[in-house]
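In: Sequence and predicted model, in that order:
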Amino acid sequence: MNADRAYLFAGGGTGGHIFPGLAIAEELRRLAPGSAGPGVHFACSHRPIDETILTEAGEAFTRSSANPVGASPRVALRFVRGWGRSLREARGLIRSLRETSGRLDVIAMGGFVAAPFARAAKVERTPLTLVNLDAVPGRANRWVARLAGRAFTAADAGPADWVRVPPIVRRAARAPGESAHCRAALGLDPAKRTLLICGGSQGARTINGLAERLAANGPAWRAWQVIHQTGTDDAARAAAAWSAAGVSAVVRPFFDLMGLCWGASDLALARAGAGSVAEAWANHVPTVFLPYPHHKDGHQRANARPLETAGGAVIETDLVDPARNMAGAGKTALDLMENEARLDEMRRALCALGPADGAERIARALVGG
């Protein structure tokens, strides 16, 4: 890395921690004077999803040996035992990047990977910025905030000195054209209404189970087709279910160009991670959200609440059992698929929320700071 200004994004374990970093990096490069642009590096976890995302994005990255923080004694012990090693790695990477740039900024994107890099930045006297994404900040972010020189939040969360910004969305997750263009690019009928089913970057088993029940509801699919991101484990089974039902569907474990998927869609059925909520907002796609059912703090429900309050989304409870979910979220989705006027109202409500330009605002602050 040879640049007058460099940025190290620390976060990983899910796409929700990495994609916002990519969005901010895009804006930093757009704003940077000169042809070389700023140096950008990512510190991520050892989970395969991190490597997949960053490799496809063409970004330089280093895997951290940091372990997740958990409530169980076994997980907590693993975190403590690995802390020293992950901190040494973080300090070494910061020193290395700083040697080849005039200035290095560390941007903590949340999650367990961010923690050792936040501590390392403090020890190495390197500027540290926190970017919070969830409406209920996790313990890592609350801890990092005490070390950071400044904090941004893309949700109505945190203390008063955290700077509120709109959602953070990368270009690849924004629709590149009209719906007909996006559908054709995915191999779908350009004129047919489309439902997007997405459990996040790693899929969601309970949403995939609900999708199988939806596939069996034949009459609904005369006017609709499907885009289904399943995660690694359920792709073959989901594809078989849609095929058996005679429903036109594009099924993949993971879509890197999510903008095509959102741009093609008239309605979405999705988890309520900060990334999915931000992308629904940015692309003005009415969405039925099923927050992850096992989070004790309920932060995914809180993430989606502003969209529901605005009238652009519906939040349902993930009841885990496919039959019960079909009676709840499934019925809601089917009812919306038959109510074009309601979908138009929801889309207008999402448009009224304003631009999802959080990445640009944070990048400008970083460049200016």
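Out: Structure's in. What do you need? Here the structure is a predicted model, which is why all the values come from computation and not from measurement.

In: hey, which helix is longest across this protein?
Out: Longest helix of the chain, by residue count under DSSP state H: helix 73-99.

In: can you give me how far it is from the chain middle?
Out: Chain-centre distance of helix 73-99: 25 Å, with Cα atoms, centre = their mean, to the nearest Å.

In: which other helices and strands contact that helix?
Out: Applying 3 or more Cβ pairs under 8 Å, 6 or more residues apart in numbering; DSSP states H and E, we find helix 73-99 packed against strand 3-10, strand 39-44, strand 101-108, helix 114-123. Any C-beta I mention is one placed from the backbone N, CA and C, and that applies to glycine too.

In: Lowest average pLDDT across the ones you listed?
Out: Note on the helices and strands packed on helix 73-99: strand 3-10 shows the lowest mean pLDDT, a mean of 91.

In: Check which element follows that one along the chain.
Out: On the C-terminal side of strand 3-10, the nearest following helix or strand under DSSP states H and E is helix 15-31.

In: Pull the number of nearby residues for residue 178.
Out: 12 (other Cβ atoms under 10 Å).

In: who's in contact with it?
Out: Residue 178 is in contact with residue 263, counting by Cβ atoms under 8 Å, 6 or more residues apart in numbering.

In: So what does residue 279 look like in phi/psi?
Out: Dihedral pair for residue 279: phi -70, psi -40, per degrees, to the nearest 10.

In: from memory it sits against residue 258, does it?
Out: Yes. Between residue 279 and residue 258 there is a contact under Cβ atoms under 8 Å: 6.4 Å.

In: got JSON lines for the helices and strands packed on helix 73-99, with mean neighbour count and distance to residue 234 too?
Out: Shown next, in JSON lines, are the helices and strands packed on helix 73-99 (neighbours: other Cβ atoms under 10 Å; distance: least, Cβ to Cβ, whole Å):
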{"stretch": "strand 3-10", "mean neighbour count": "24", "distance to residue 234": "30"}
{"stretch": "strand 39-44", "mean neighbour count": "25", "distance to residue 234": "24"}
{"stretch": "strand 101-108", "mean neighbour count": "22", "distance to residue 234": "32"}
{"stretch": "helix 114-123", "mean neighbour count": "24", "distance to residue 234": "29"}
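
In: Any chance of a markdown table for these, columns distance to residue 249?
Out: Output for the helices and strands packed on helix 73-99, formatted as a markdown table (distance: least, Cβ to Cβ, whole Å):
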| stretch | distance to residue 249 |
| --- | --- |
| strand 3-10 | 34 |
| strand 39-44 | 31 |
| strand 101-108 | 38 |
| helix 114-123 | 37 |
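
In: closest to residue 163 out of these?
Out: Nearest to residue 163, of all those, is strand 101-108, at 13.5 Å by Cβ to Cβ.

In: what about that closest one, distance to the chain center?
Out: Offset of strand 101-108 from its chain centre (Cα atoms, centre = their mean): 23 Å.

In: outside of that strand, which residues touch it?
Out: With Cβ under 8 Å, 6+ apart as the test, strand 101-108 has contacts from 1-11, 21, 24, 39, 94, 97-98, 114, 117-118, 120-121, 126-131, 141, 144, 148, 366, 369.

In: For the residue most central in space within the chain, which non-adjacent residue is closest in space?
Out: Nearest residue to the geometric centre of the chain (Cα atoms, centre = their mean): residue 275, 2.6 Å. Nearest non-adjacent residue to residue 275, counting by Cβ to Cβ, 6 or more residues apart in numbering: residue 16, 4.4 Å away.

In: ok, now how distant is the one you found from residue 115?
Out: Distance, residue 16 to residue 115, by Cβ to Cβ, to the nearest Å: 16 Å.

In: number of nearby residues for residue 359?
Out: Neighbour number of residue 359 under other Cβ under 10 Å is 28.
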